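**Q** Build me a structure from this.
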Amino acid sequence: MARRILQCAAKAENLFYNRKKELDDLTKLCKTGLRKSAFLSEFARRQEISGQGHPIYLNMRAGTFSTAANFAKELKSQLNPFLAAAAEYAKTIPTVDNVAASAGGLSEHIQAVERTPDTDFQALLKSICGLLFSWRRLASRKDAALPTLIIDEAHRLLEWSLAPKEQQHLRTLVAYFIMVTKERQEANVILCTSEDFFRFWLHLHVGPKRYQPRMVSDLTEEQAREFFLMALLDGWVADGYKFPEDLWKEIFSFVGGRTLLLSRLALNLSSYLEDESLLRKAWASQCKILVDATRQIVEMGFGPMDFQGNLDSDRPCWNVEDYEAVLRELTRAEGGVVSVQYLMGYKIISKAALHSLVQHNFLHYRSFLCLWADDLAWYKGKWPIVMAPSLPRFHAMASIIEERAKCAT
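**A** Numbers count the residues shown, from 1 in each chain. Predicted structure coming up:
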């Protein structure tokens, strides 16, 4: 039993649920020009297997990336599959006239990248630039796909802002991304993050017309049910077994379509499938744990001075009254969604305080109805909007606001 639980835990953390529409759209997007990590890993895997692209995948969750040198070292190591593919491709180019020179030029650029010191950020970008230029000349042939740089947890790039020298490196990297994508169309770059505030930084330093946002949103109820049962029943066979429908409704009404929460819940309930009474007790226990945990997180917003930041921009600039006012509006609004224009127009909170709450993950922010984000297709109000980061957090907000209202009377 313990071994099965460990196996299920490993699968749950990397479980990929069908995102066919999003995968097809992302594939098309990269030809022309989320859980998220599982989504991107699957995209990279399919690109590599199908030969439709050359994924260069950097997971900034693993390791130290606080400097450009650290970033360069990881980038170079992840370039190896593409370098190998490019070297093999160079061998297939016919040695006729100037075509032979193209093959030789590609090989020279591959060697230049390989010779570049691991931690020399500027030199590595320069050598990759030459490689991409040479590869792009050959990529007009249908069998030569463009490379795609995928950076997961891309908001960690902002850690470079801790030192003036690293700030310049970060500006160089952003300019480099714009050059190889929009200007020269030599590669695709995907910056992936779960941090809403990163879009504010992108908007300011990259420009809204230089990137195309996509959002892997929560699952619909039908999708969530299929995903939950797939994770719950994995490896367990029982003829005619049906998960209690009323229990599923209760679970979904509290958890929603958040895949990470559903997968963890499925793992914790999977040992009780043969006894419905134990299954319901296990859900009640898990629900209480989730309620207590989310309530604690929401309550942290009432103590902004407890947060410490490395930079002035990291320090919270909201107060208790700001936070309570926003939570009150969220719990009153249809679907827990409030227009930023409404909050600003009625002076419920300042723009700086609102962005600070987003930066510290107390609010979820969306600037418009993004592709793939079908969970807000019903919303007809004005954009941008803010909402609770998750459905359990919304429930915690509603409970806290109700209690504070009772205490005030």
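
**Q** Any regions of the stretch 201-350 of the chain where pLDDT drops low?
**A** For the stretch 201-350 of the chain, the stretches with pLDDT under 70 are 235, 237, 308-313.

**Q** what ranges do the strands span in it?
**A** 337-339 (DSSP state E, counting those that start in this stretch).

**Q** which residues touch the residue nearest to the spatial centre of the chain?
**A** For the chain, the residue nearest the mean C-alpha position is Thr193 (3.5 Å; Cα atoms, centre = their mean). Residues counted as contacts of Thr193 (Cβ atoms under 8 Å, 6 or more residues apart in numbering) are 153-155. Where you see a C-beta, it was placed from the backbone N, CA and C, and this is true even at glycine.

**Q** Please apply the same query to Val337.
**A** 330, 376, 379, 381, 385-387.

**Q** Among those, which lie within helices?
**A** Taking DSSP state H as the definition of helices, those contribute Leu330.

**Q** Neighbour count and distance to Leu124 for the contacts of Val337 - can I get that in JSON lines?
**A** Compiled in JSON lines, those are given as follows (neighbours: other Cβ atoms under 10 Å; distance: Cβ to Cβ, whole Å):
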{"residue": "Leu330", "neighbour count": "22", "distance to Leu124": "45"}
{"residue": "Leu376", "neighbour count": "19", "distance to Leu124": "40"}
{"residue": "Tyr379", "neighbour count": "16", "distance to Leu124": "44"}
{"residue": "Gly381", "neighbour count": "14", "distance to Leu124": "46"}
{"residue": "Ile385", "neighbour count": "25", "distance to Leu124": "40"}
{"residue": "Val386", "neighbour count": "26", "distance to Leu124": "39"}
{"residue": "Met387", "neighbour count": "21", "distance to Leu124": "41"}
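
**Q** now, which of the contacts of Val337 lie within strands?
**A** With strands taken from DSSP state E, the overlap with those comprises 385-387.

**Q** Outline the domain layout of this protein.
**A** Listed by automatic domain parsing, the domain ranges of the chain are 20-210, 221-298, 308-408.

**Q** follow-up on the earlier one: which one among the ones in strands among the contacts of Val337 gets closest to His169?
**A** Closest approach to His169 among those (Cβ to Cβ): Val386, at 32.6 Å.

**Q** who touches the residue lying closest to the closest one once chain neighbours are set aside in this structure?
**A** Distances taken as Cβ to Cβ, 6 or more residues apart in numbering put Leu363 closest to Val386, at 4.7 Å, once the chain neighbours are dropped. The neighbourhood of Leu363, defined by Cβ under 8 Å, 6+ apart, consists of 196, 326, 354, 357, 386-389.

**Q** can you pull the contacts of the nearest residue to Cys287 once chain neighbours are set aside?
**A** Counting by Cβ to Cβ, 6+ apart, the nearest residue to Cys287 once its immediate chain neighbours are dropped is Phe254, at 6.4 Å. Neighbouring residues of Phe254 by Cβ under 8 Å, 6+ apart: 287, 290, 391-392, 395.

**Q** what about burial for those residues, which qualify?
**A** 287, 290, 391-392, 395 (16 or more other Cβ atoms under 10 Å).

**Q** before we move on, the earlier item: tell me the one of the contacts of Val337 nearest Ala68?
**A** Val386 (33.5 Å).

**Q** List the buried residues for stretch 325-333?
**A** Using 16+ other Cβ under 10 Å as the test for burial, stretch 325-333 gives 325-331, 333.

**Q** how many neighbours does Ala377 have?
**A** 10 (other Cβ atoms under 10 Å).

**Q** correct me, but it touches Leu369?
**A** Yes - contact criterion Cβ atoms under 8 Å: Ala377 and Leu369 qualify, at 7.0 Å.

**Q** thinking again about what came up before, which one among the contacts of Val337 sits at the bottom for pLDDT?
**A** pLDDT across the contacts of Val337 is lowest for Leu376, at 88.

**Q** Out of the contacts of Phe254, which is nearest to Asn188?
**A** Leu391 (33.1 Å).

**Q** which residues sit in contact with Ile400?
**A** Ile400 is in contact with 295, 298-299, 327, counting by Cβ under 8 Å, 6+ apart.

**Q** Sort out which of the residues you listed are buried, if you could.
**A** For those, a burial check counting by 16+ other Cβ under 10 Å picks out 295, 298, 327.

**Q** Apart from its chain neighbours, what residue comes closest to the second one?
**A** Beyond its immediate neighbours in the sequence, the residue positioned closest to Val298 (Cβ to Cβ, 6+ apart) is Ala396, lying 4.3 Å away.

**Q** From Val291, how far off is that neighbour?
**A** 7 Å (Cβ to Cβ, to the nearest Å).

**Q** So if I had to pick from the two, which one is more boxed in?
**A** The residue with more neighbours, out of Ala396 and Val291, is Ala396; 23 against 15, by other Cβ under 10 Å.

**Q** The more buried one is in contact with Leu290, isn't it?
**A** No - assessed by Cβ under 8 Å, Ala396 is found out of contact with Leu290, at 9.4 Å.

**Q** related to what we said a few turns ago, next one: phi and psi at the residue nearest to Val386?
**A** Per-residue torsions, Leu363: phi -140, psi 150 (degrees, to the nearest 10).

**Q** again, but for Tyr365
**A** As for Tyr365, its main-chain torsions (degrees, to the nearest 10) stand at phi -120, psi 140.

**Q** Could you measure from it over to Gln212?
**A** 18 Å.

**Q** of those two, who's got more company?
**A** Using other Cβ under 10 Å, the more surrounded residue of Tyr365 and Gln212 is Tyr365, with 19 against 10.

**Q** Would you mind naming the residues that bridge with the more buried one?
**A** Tyr365 has these beta-bridge partners by DSSP bridges: Val386.

**Q** Low-confidence bits of the stretch 1-150 of the chain, can you list those?
**A** 1-36, 94-104, 139-144.

**Q** could you pull out the helices for it?
**A** Taking DSSP state H, counting those that start in this stretch, the helices of the stretch 1-150 of the chain run over residues 2-13, 20-32, 36-50, 68-78, 80-92, 97-115, 121-138.
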